[in-house]
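sequence first, predicted model second:
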Amino acid sequence: MTGEPLDEASLPRDNGELVFDAPWQARALAIAVALTEKLGLPWDAFRLRLMDEIANDPQRPYYESWGTALESMVIDLDLTTPAALDAAAPTERAPL
Amino acid sequence: MTADHHHPAELAPVEARVAAIESVLIEKGIVDPSALDAIVQHFEDNLGPMNGAKVVARAWTDPAYKERLLADGTAAIAELGFEGPEGDLMVVVENTPDVHNLVVCTLCSCYPWPTLGLPPKWYKAPAYRSRAVREPRTLLAEMGTVVPADVEIRVWDSSAEARYLVLPMRPDATAEMSEEQLAGIVTRDSMIGVQRL
């Protein structure tokens, strides 16, 4: 797995149901887990943000709220700025 | 997985944003790509309802374990090696002939990762989160689970203070089954409480 791109077949399935709709959702999950572990933060440091984002827009797809919560966390922790994220955002997906 | 499957170059705004966060954190040395791969792999390989099923099967076959499980879920589950993020503060609730338990997270998606993995889509949906509390019996019937009218339904709202796992009733006619065989009949949905075995 290490070093290889995720493809559809590698997505977790749970009773036959895909847990993720797309590989970026798995990445978003892994980033949040890795970041809290690396910084020694309790998981609640992320979870409470996720809860707020879901409450702010209950009909928004779940992992969009997740991405927004992740962005607010990295910015509030002074790890990056919105401008730096704008600059780093790819315009197309790397080929799988 | 339909439209974007055929147009792999198109990138949704949130996807681009997550990719940007990843590249910035990698550049700063805060996360490394192989660690991210390892986390995803861990979720795929090691976390899932097969773990919770082992806990249930042990409780069905070992009365002393069941007693510990109901008294201190986190510690008893850790005995089997299942712990980690979202696995703290586990509370196991037992189904009986008189009581059926149902688990929901009304505020977000609290769910016991070490024993059940990641939550299914419907668990995170607004409809499930609100209706499980408001009209659990109707919701369960729509999901194919009819709870007899004389059985009380207790709804447990998972939160920062507690993650719930349902201990289903052991089905009749399983007396001859080994612990391993029993684990094979325990489903994810039965441990959330949307199914009766």
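Received it, and whenever you're ready, just let me know what you need.

residue boundaries of the strands in chain B?
B:90-94, B:99-104, B:152-157, B:163-167 (DSSP state E).

nearest approach to chain A belongs to which of the ones you listed?
strand B:163-167 (11.3 Å; Cβ to the nearest Cβ). Bear in mind the C-beta positions are built from the backbone N, C-alpha and C, glycine included.

now find how far off-centre that closest one is within its chain.
Centre-to-centre, strand B:163-167 and its host chain are 8 Å apart (Cα atoms, centre = their mean, to the nearest Å).

which parts of the chain are helices?
I went with chain A, as the question did not name one. In chain A, the segments counted as helices under DSSP state H are A:23-39, A:44-56, A:62-76, A:82-88.

wait, I meant chain B there
Counting by DSSP H, chain B has helices at residues B:3-6, B:13-27, B:33-45, B:49-61, B:63-71, B:73-79, B:113-116, B:121-124, B:126-134, B:136-142, B:179-185, B:188-192.

domain parsing for chain B?
When chain B is parsed with automatic domain parsing, its domains come out as B:3-45, B:49-192.

okay, these in CSV with distance to chain A next?
As requested, the domains of chain B are exported to CSV (distance: least, Cβ to the nearest Cβ, whole Å):
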stretch, distance to chain A
domain B:3-45, 4
domain B:49-192, 4
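
coming back round to it: minimum distance to A:Ser65: which of the strands of chain B has it?
strand B:99-104 (17.6 Å; Cβ to Cβ).

center of the chain - which residue?
Just so you know, I chose chain A. With distances taken as Cα atoms, centre = their mean, the residue of chain A nearest its centroid is A:Ala28 (2.0 Å).

please refer instead to chain B.
Closest-to-mean residue, chain B, Cα atoms, centre = their mean: B:Leu116 / 3.6 Å.

mind checking pLDDT for that residue?
The model reports B:Leu116 with a pLDDT of 91.

ok, back up a step: need the strands of chain B in JSON lines (columns: distance to B:Trp122 and mean pLDDT).
Below are those laid out as JSON lines (distance: least, Cβ to Cβ, whole Å; pLDDT from 0 to 100):
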{"stretch": "strand B:90-94", "distance to B:Trp122": "20", "mean pLDDT": "97"}
{"stretch": "strand B:99-104", "distance to B:Trp122": "11", "mean pLDDT": "97"}
{"stretch": "strand B:152-157", "distance to B:Trp122": "16", "mean pLDDT": "97"}
{"stretch": "strand B:163-167", "distance to B:Trp122": "16", "mean pLDDT": "96"}
